[in-house]
Every structure is written in C-alpha cells, then in structure tokens.
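> predicted model and sequence follow; I will ask about them next.
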Amino acid sequence: MMNGRIALILSYASGVLLTVASFRAAAQQAPPQEPLVGPPARIVGQASFNKNCANCHQNAKATAEGNAQQGGRTAPDTETLAQMTPEAIYGALTTGVMAQQAQNLEDSEKRAIAEFFGGRPLGAADRGDAKNMTNHCTSNPAISGSATRFAWNGWGNGLANTRFQSAGDAGLSIDQVPHLKLKWAFGLPAGGETSGQPSIFGGRIFFGDYNSFAYSLDQATGCIYWSFHADAQIRTAAVIARIQYNGHSTYAAFFGDKKANVYALDARTGALLWKRNLEPRLLSHITAAPVFYKDRLYVGVAGSEELVSSDPHYPCCTYRGSLSALNANSGSVIWKTFTISDEPKPTQKNSLGTQLWAPAGASIWAAPTIDPKLGAIYVGTGNAFTEPAADTSDSIMAFDLETGKVLWSYQALANDASPGDCFGPAPKDAHCPHNVGPDWDFGNSPILQTLSDGKRILVAAHKGGEVVALDPDRHGALLWTADLSAGRDPSAPVQVQIIWGGAADEQNVYYTLEAGSVGAVRLVDGKILWIEPIEPSSAHPGAGGRPRRGLEAAVTLLPGVVFAGGWDGVLHALASADGHEIWEFDTAREFTAVNGVAAKGGSLGAAGAVVASGTLLVGSGYVGTGNGMPGNVLLAFRAD
C-alpha cells in the first residue's frame, strides 16, 4: 500500500521497482476465464485506475517530474503500460510481483483493471481464434468486387457517409422487407459487446469486435475464412480496397483498434500487411472507421483522457483529436493535423499541487467524409476537456485532402468544456470548468448529399438533438438547424438525444433519438416531417423492471425503408414516408450459431444494420454508456 492506495502495476516491493519485464514474465499466469468479464468491468477498471494508481504511474509529462523527485528512478508511464497485454497485468496482480499489494482486491477488480489497461477481454487471445470454431469455409477463392456496387464498404456505404443503399445494390425492396427471415447467426467467442459494424464486399463479410479479433465470413452461409488477432478491441467498420503491396496488387481490409493502431490485412487470407500506431498513449482510440480514397487512408483519432480527470494526481489534460492521411500501400503517415491547433501548456495547479494543462479535447469519433469536388475531408469533433473550450470543439471541420490544412470550421456549441467527473453537486477541483458544458459533441459522420436541384448540403447532428446543415460550397455557411430534442420526455433523465448518426436520401435525413423515437427532417429547409415514437419491448426490462426505452444505433436507409435499433434489442423497419412500422425482429435472445459458439443478442447501439446483395446484417449486444444488454452475435437475414 502507498498512502492507503494499491499501487497498480508499479510498486516498490522490498525496495525493488516493478519493471515491464516483470509483467511480461507474469503473462503466462493468467488462467482461462469462464465466463469472461463483461463490458461493465471497463468502468470498474477505470475507477480503480483513478483511485489506486496515480501515486506510482502517470502520463509522460507527470512521470518526468516524478522521476526527478525519486532521484532519477524511472517507472513505466501510461503510454508504456497501454502496450501491455491484460494477461500480463492480471498475472502480476494475482501470482506475480504485485500479488501482495493487490491482496485486498476482489478477483473481479483485478480482471477489470487488467482489461482496462490491456484494451480487450482477458483470455480473448485464446478463445477468439477461428481455429477454435466450427464451420470453416472449404475453399478460399480470389476476391473480386466493386467498392460501390452490391457492397456495403465501410461505415457510411461510400465517401459521402449517407448510409443509403439503392434497392438494386441492396437486393431488397420495401415489399420484401416484411418477409425477412433469419438465415444464420455467428457467435463471437469471448465477446461481451458486439460493437464493430460489418462490411460486405465480394460476397464476403468483414468485421471486428470487442474480443480484439477481426473476422472474414462467407456472406451466404456464415462459414469462416479467417480471423486476425489485433492488439485491442475493434469498434471500427472495415473498408476494403485494392492496393499495391510489395510489388503486387491485392485487396486489403483496413481496421482501427482501441489502442489507436491501424491495420492493413490481406482481405483473402487475413495476413498482416502493415500496422501503424497513430497515438501511442493510454486512452487514445480509433473508433472512426478508416476511409480510402486515391491510394490514401484517412483516419480520425479519439481520446478518453477526460475519464481520468477526477484523479487529483493526474495532470489533465493534454490530449487533442487528430486526423491523419496514410499511404494505403505502406502505412506511412503523409500528414497529421490536430483538431486543436495550439499545443497544451501549463495553466494552474490543483489542491494537491498537480500541474494542469490546456487546451484539450475535440476527439474524432466517427468516420470522415470525402468531398472529391472540393478536395476536402469533413469530420465532426467532440467536446473540450478544458476551459476555455477550443473553438473547434463540438464542430464540423473541413481539411484539405492533399495537405491536411484546416479549411474552415463551424462550431455548433461554444464553451462545452465537460470533463467526465464534473457533473452534479459534488465538490469540484481546479480542473473542473466554472460552467460545465453538456457534452454535446458530434459523435456521427457528416453526411454529404446532393439534392434533386443539384444543390449540395452537409448535415450532422450533435448529442443535444440539433441537426445542423451547412453549405460545403460556401466554406461551411449555415443553412438551417432543426431541433429534434422536442421529442423527448422532459421528465426523463436522458440528456443525450443523437449519437451515432443518421442516413439520408435526396429528400430527407433520418435520425434515431434516445427519447425512444425516429425522426425525419427535410433537407431543403430543415422542416421536421415526422417523429415516430417506438414503444420498447417489455420482454427485456432494465433498471427497476422498466422497459428499455430509447434508440441509439445508427440509421440505415433503403428506398422507402428506415432501419433503426433500440436498447431493448429490437431491430425495426419503418416506412420512410411516415414512420409506420413494417417489420421488426427481437435480437435479445439466444441463437444457435453456425460456428459452434454460444451466442446471445442484447441491445442495439452504435453500429447500425448494413444491407447488400440480398443480405441484411446486424450485430447485437451493446452496453455503451446506457447500461445496455451485453451480447455476442452477428445476425444475417434474407427475404428469399
């Protein structure tokens, strides 16, 4: 113990500083876990880190100061620890050099701490491998296909992120939707949360998941071609593109992971072609799907540094969101631009004398949008972590595709500095803003659409429920706003309305709302056409036995049909004309999986449904920030 705290990972044991080598030696000590700790363990691990760890390890800026105070002795900082496996950390806490210091922790806490730092479930490296599954594909033919026809490639089904699919490419019409039937289910070993959105390309499915594996399946049968073990959880959609690698032309599948690594895999075999880390520090993530355009890969990076701001020993905050352009053939970084141009500088010290920094924040959580006409790329940014809030937080930003230069930005909400622990009546430390913002960042991709009269429009929605329309041809000039938060129950505790995004055709844009409804907004003038309440299922109640109200999953659109998923696990198909329901399917139940893995669905959130070549896919089981139901299944539907 050190000052009543368990020194997580770093400790003076009999006067000897625990080294990184000690952790690696302990990596073999972690036993297989049945079942693995579910997603709520992330919260437990984060809390344990905030409470118990800061005396002995901090980020690089704080560690340098601490080294001088400790006579030059060096302890691994959080950037180093973030590269370690959960098995190594768990082994050190249970049977390794940290066992004595951690003796008062419950085993569930040790596992949670290991998963928090390790970035994936404990034991997933063994159980998630395809070699442990049944139903392997009997052949593996060469891949061929179109990135734009009969495919759903990447997050938004194209450079414009409209999440729209034509009836022809979908292989599914509004008349066929009521006849959709489940064809197969694929279980995710060691998965407690199904957070990656699948892509469909060349008759194959590509997706990554919470268990830190990427998979490739056959679209028709669900048989498995390959698996790839990443360093951490995968929340991004995959994008498939042809590249030149070592003098040969091949299709590559691109992913990002929770440790801010980008991967290029051989799409046919799953072999690693290259890997690039874009931000080597704890709590840096890639949740935004990569976007491929003209031999470049564009990737946004997000950070969760605000989650540890409540630790008075932590020198918060220095993280800034960023957008990078990579050579898709090699992974080399062509340019990297921060969403906040000013570097963080020391500001004040808190009650313990810890140095605080600013500015920070403005993460990029969602896939960038490409504008070939203007040679521009658009992103939405998150809230600020420090005050005064940077004027590029809670914004839509435009960058030059070639150079990364910021072209313009539009801020939807100023002064939204909102560290995670500063809400409520509890006493605040110096890092908390005087006026805490509502945390209404843009968590979804801007949608670039051309209207029937040829006019172009850029649309996105922030968490507060406001839809913002900008003119990309006039440097982001505001066209209109539409407030969809009017659809919420004023007595409900939910303050967030829209997170992961909408879908648009040439007439309207559609969004799911946490209030428990779906809304349609006319693109030409922002008029709200309809808001349709969705009654939650009573089959899977939440806290207090109440139905799990609310919809969060990204919207998917076919001609005449809007697909939307809810916290209750039900996937809905609504008529886009007026919102009336034409089909639904309850995913929150057990399934017999084609790969021999025990599979169960849960809440639907973040990733939306995708559809191409007659197949509708949806992953079920999302905990997120709303205490949803865990799950570990990918479901495939067809109308034939």
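Happy to help now that I have it. Numbers count the residues shown, from 1 in each chain.
> what's around the closest residue to Asp429 other than its chain neighbours, how many residues?
Here the nearest residue to Asp429 in space, its sequence neighbours aside, is Asn350; by CB to CB, 6 or more residues apart in numbering that works out to 5.0 Å. Placement of C-beta: from N, CA and C, glycine included. For Asn350, the count of nearby residues is 17 (other CB atoms under 10 Å).
> from memory Asn350 sits against Ala430, does it?
Yes. Taking CB atoms under 8 Å as the definition, Asn350 is a contact partner of Ala430 at 4.0 Å.
> who touches both of the two?
Listed as contacting both Asn350 and Ala430 by CB atoms under 8 Å, 6 or more residues apart in numbering are Leu356.
> just the helices in the stretch 51-200 of the chain please.
In the stretch 51-200 of the chain, the segments counted as helices under DSSP state H, counting those that start in this stretch are 60-69, 78-81, 86-94, 107-118, 124-127, 167-170.
> next one: the stretch 501-640 of the chain
Using DSSP H, counting those that start in this stretch, helices in the stretch 501-640 of the chain do not occur.
> same question for the stretch 201-350 of the chain.
Going by DSSP H, counting those that start in this stretch, the stretch 201-350 of the chain shows no helices.
> returning to that earlier point: quickly, which of the helices of the stretch 51-200 of the chain bottoms out on average pLDDT?
For the helices of the stretch 51-200 of the chain, the bottom mean pLDDT is recorded on helix 60-69, which sits at a mean of 46.
> do me a favour and average the pLDDT over stretch 180-191.
When pLDDT is averaged along stretch 180-191, the result is 92.
> one more: stretch 598-616?
In the prediction, stretch 598-616 has an average pLDDT of 96.
> with stretch 321-341 instead?
So the average pLDDT for stretch 321-341 ends up being 98.
> what about it, distance to the chain center?
18 Å (CA atoms, centre = their mean, to the nearest Å).
> and it, which residues are buried?
Neighbour-count burial for stretch 321-341 flags 321-326, 328-329, 331, 335, 337-340 (criterion: 16 or more other CB atoms under 10 Å).
> picking up where we left off before, contacting residues around the residue nearest to Asp429?
Here Asn350 is in contact with Pro312, Leu356, Asp429, Ala430, His431 (criterion: CB under 8 Å, 6+ apart).
> if we go to 6 Å?
Neighbour list for Asn350: Pro312, Asp429, Ala430 [criterion: CB atoms under 6 Å, 6 or more residues apart in numbering].
> and Gly256, what are its bridge partners?
Under the criterion DSSP bridges, Gly256 forms beta bridges with Val262.
> okay, now it: neighbour count?
If you count neighbours by other CB under 10 Å, Gly256 ends up with 30.
> and Trp184, by the same measure?
22.
> which residue packs closest to the spatially most central residue of the chain, ignoring adjacent ones?
Nearest to the geometric centre of the chain sits Thr287, at 3.4 Å (CA atoms, centre = their mean). Closest residue in space to Thr287, ignoring its immediate chain neighbours: Arg235 at 4.7 Å, by CB to CB, 6+ apart.
> and if you look at Asp473?
Of all residues not flanking Asp473 in the chain, Arg456 sits nearest, at 5.9 Å (CB to CB, 6+ apart).
> residues contacting the one you found?
Counting by CB under 6 Å, 6+ apart, Arg456 makes contact with Thr450, Pro472, Asp473.
> look up how far Ala577 lies from it.
Noted for Arg456: a distance of 24 Å to Ala577, by CB to CB, to the nearest Å.
> okay, and for the stretch 301-450 of the chain, where does confidence drop off?
Residue ranges of the stretch 301-450 of the chain with pLDDT under 70: 424-428.
> what segments of it are strands?
Counting by DSSP state E, counting those that start in this stretch, the segments of the stretch 301-450 of the chain that form strands are 322-327, 333-338, 345-349, 355-358, 369-371, 376-380, 395-400, 406-411, 447-450.
> out of those, which gets nearest to Trp184?
Comparison of the strands of the stretch 301-450 of the chain against Trp184 by CB to CB identifies strand 447-450 as nearest, at 31.3 Å.
> using CSV, write out the CA atom coordinates for that closest one.
Extracted in CSV, the C-alpha atoms of strand 447-450 (Å, rounded to 0.1, in the frame of the first residue of the first chain):
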residue,chain,number,x,y,z
ILE,A,447,-23.5,13.4,-44.4
LEU,A,448,-22.7,15.0,-47.8
GLN,A,449,-25.7,14.9,-50.1
THR,A,450,-26.7,16.4,-53.4
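> bridging residues for the closest residue to Phe186 other than its chain neighbours?
Leaving out its chain neighbours, the residue that sits closest to Phe186 by CB to CB, 6+ apart is Leu634, at 4.4 Å. Under DSSP bridges, the beta-bridge partners of Leu634 are Phe186, Gly619.
> now for Leu634, how many residues are close by?
The tally of other residues near Leu634 (other CB under 10 Å) stands at 30.
> now do Gln348
Neighbour count for Gln348, taken as other CB under 10 Å: 11.
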